[in-house]
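Visitor: Whatever this is, show me its structure:
(one chain, ligands or ions: 1)
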Amino acid sequence: MLGNMMTEPLLISGILEHAIQNNSKTEIVSKRVEGDIHRYSILDAAKRSKQLANALVNLGVKEGDVLGTMAVNGYRHFELYFGISGIGAVLHTLNPRLFPEQIDFIVNHAEDKYLFIDLPFIPIIEAVAKNLKNVKGFIVLCDKENLPKDSKLENLMCYEELIKDESEEFDWPTFDENTASSLCYTSGTTGNPKGVLYSHRSTILHAWYSSAGNAMNLTSKSVVLPVVPMFHVNAWGVPYAASMLGCKLVFPGPFTDGESIYNLINDEGVNNLLGVPTVWLGLLNYLDEKDITLKNVNSVLVGGSAAPKSMIKDFQEKHNVFLLHGWGMTEMSPLGTLNQDTAEMDLMELDDRYELQTSQGRAIYGCQIKIVNDEGGTLPNDGKTFGRLMVKGPAIIERYYKSSESALENGWFDTGDVSTISPDGYMRIVDRSKDVIKSGGEWISSIDLENTALGCPGVLEACVVGVAHEKWDERPLLFVVKNSDECTKESVLEYLSDKVAKWWLPDDVIFIDELPHGATGKLLKTGLREDYKNHLITKGD
Ligand code: ADP
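Guide: Numbering: from 1, shown residues only. Here you go, the predicted model:
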């Protein structure tokens, strides 16, 4: 028997209408690429999103058309989030840090009809424009005076000119909540990038559960600074969640160094921050240098890569802020687990608590997790056994964009991460499954080895990859960028010898000038693995 309740579709336009009714005065503040500060209310944002919606309809944009954006975090990007998805078109956010051939591939694969571009990214698009088959026009996110006169792009338009004479009224269409709303490509360390096509339903459910009590610490009193880019998994869904709750939003534009972030925090009364560890390292270093402390901040969410213990400790002891460690991925909208403050933590010795906080936390409601072996058999949640981390939930991918095959294995999505899960649900990432080293049937965590090596004097950066070995199948090689001549192969191995199991010790330590990083700042191990694949075989070890 079915229930008797309404089946009101979950649509992104509904968030904006809710905000107009309930939080119309809430401010949105943006540091613009032009360098100045822009400030308006969510009501102004909603009116301009409706002007944009009218302009898109006049341009002939239809439901299902894909429109690309290459833009920083700012108010015009926010208007695109709502205006594009609101009419049933698809917001495709492009990462400007991708290689030109990836941008070219992605824009063609997605069949973007128009591209909305922030001023600093025009040269990136100019460099690939001749290959973009479906793009009918380029809209620069600027005022008339700033529109470049000498651009090589054909059919160049100015965003402000495009919307200025349009009506501020727009009746959002109603459609199936499973309609596509936005598209984000994973950077793809191997092969071509793959598209994750979110729906209105998945976006709303994700924003809902990630902003519920005990999740991302958002309330109507929050002043939120998402440093995580709006071109990266919809800035972790924050533009939607903040608009649901009426949080003040502060967008940093392209200025994400410690000093700029600190100034915005201070000037705007920011109390909730979200971003990747490197951004927080920059902020902490700046605060140390100037000998200042954070005053109003009550939540810093860190994800994208592991939060180091020293960072957790610094935020707590120097700034009295609990570092909220989270894990997720593009395919998951992105949130999967969060390491929230608990009553148990209050009773723990500080160092034990920090150690617990280095784990990625417990599954949020909306995401189920489990670990399995190579054959798909479920492994125990004993905090020790490693396995492939599988997830399931209403905001998790079923298949990649335009793929004819499901991405699932028996109804679960393989995250490509290897982890443990403790009896009380704490998940700890051990490695990426392609990076874990399988030596003689046992697994060695490349991340653990890297983190341990980082403690050795003179080691600035460390990267471990598994390479072929005749006897053990695979053995670890350690690559080091050093900042002292005293750091040698012998000193590193000596340092590691009493900190990791003997069979985990790398077979060689290789010093290099720089480690390869991908478009989202993560270590790119593929090249090193390929270049050094015979390193131990030819050496006859
Ligand atoms: P994002 O960087 O936004 O989380 P990506 O899809 O680019 O999304 O990358 C997802 C991968 O990043 C995860 O599968 C995992 O390997 C890694 N990752 C994300 N958060 C963490 C974390 N807190 N600790 C360790 N690794 C993480």
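Visitor: ok, which residues in the protein are in contact with the ligand?
Guide: Contacts of the chain with the ligand, taken as Cβ under 6 Å from any ligand atom, map to 186, 232-233, 303-306, 325, 327-330, 334, 360, 415-417, 429, 432, 520. Every C-beta, even on glycine, is put in place using the N, C-alpha and C of the backbone.
Visitor: Show only the entries of the residues you listed found in strands.
Guide: Using DSSP state E, the members of these that fall in strands are 186, 325, 327-328, 415-417, 429, 432.
Visitor: In contact with the residue positioned nearest the centre of the chain, which residues?
Guide: Residue closest to the mean C-alpha point of the chain, counted by Cα atoms, centre = their mean, is residue 232 at 4.9 Å. Taking Cβ atoms under 8 Å, 6 or more residues apart in numbering, we find residue 232 in contact with 93, 95, 184, 330, 520.
Visitor: now the residues you listed in TSV, with pLDDT and neighbour count?
Guide: Listed next are the contacts of residue 232 as TSV, based on pLDDT from 0 to 100; neighbours: other Cβ atoms under 10 Å:
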residue	pLDDT	neighbour count
93	98	23
95	94	19
184	98	24
330	96	20
520	67	18
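Visitor: Go through these and say which is closest to residue 354.
Guide: Closest approach to residue 354 among the contacts of residue 232 (Cβ to Cβ): residue 520, at 26.2 Å.
Visitor: the longest helix in the protein is where?
Guide: helix 42-58 (DSSP state H).
Visitor: Would you mind identifying the next helix or strand past that one?
Guide: For helix 42-58, the succeeding helix or strand toward the C-terminus, using DSSP states H and E, is strand 66-70.
Visitor: Using PDB, write out every CA atom in that following strand.
Guide: The C-alpha coordinates for strand 66-70 follow below in PDB (Å, rounded to 0.1, in the frame of the first residue of the first chain):
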ATOM      1  CA  VAL A  66      24.500  21.900 -21.100                       C
ATOM      2  CA  LEU A  67      26.000  25.200 -20.400                       C
ATOM      3  CA  GLY A  68      29.600  25.500 -19.200                       C
ATOM      4  CA  THR A  69      31.100  27.800 -16.600                       C
ATOM      5  CA  MET A  70      34.800  28.500 -15.900                       C
END
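Visitor: Leaving aside the residues adjacent along the chain, what's closest to the residue of the stretch 1-150 of the chain found nearest the ligand?
Guide: Residue of the stretch 1-150 of the chain nearest the ligand, by Cβ to the nearest ligand atom: residue 95 (9.6 Å). Nearest residue to residue 95 in three dimensions, chain neighbours excluded: residue 231, at 4.9 Å (Cβ to Cβ, 6 or more residues apart in numbering).
Visitor: count of residues packed around that neighbour?
Guide: Residue 231: 22 surrounding residues under other Cβ atoms under 10 Å.
Visitor: My read is that it contacts residue 91, right?
Guide: No - using Cβ atoms under 8 Å, residue 231 makes no contact with residue 91, being 10.4 Å away.
Visitor: Quick check: neighbours shared by these two?
Guide: Here residue 231 and residue 91 have residue 69 as joint contacts, going by Cβ under 8 Å, 6+ apart.
Visitor: Spatially, which two of the ones in strands among the residues of the chain next to the ligand are the most separated?
Guide: Spatial extent of these (Cβ to Cβ) is set by the pair 186 and 325 at 21.6 Å.
Visitor: And the nearest residue to residue 441 once chain neighbours are set aside, how far from residue 535?
Guide: Computed as Cβ to Cβ, 6+ apart, the closest residue to residue 441 that is not its neighbour in sequence is residue 473, at 8.0 Å. Remark: distance between residue 473 and residue 535 (Cβ to Cβ, to the nearest Å) = 15 Å.
Visitor: Please name the nearest non-neighbouring residue to the residue of the stretch 101-250 of the chain found nearest the ligand.
Guide: Nearest to the ligand in the stretch 101-250 of the chain, going by Cβ to the nearest ligand atom, is residue 233, at a distance of 5.0 Å. Nearest residue to residue 233, sequence neighbours excluded (Cβ to Cβ, 6+ apart): residue 334, at 4.3 Å.
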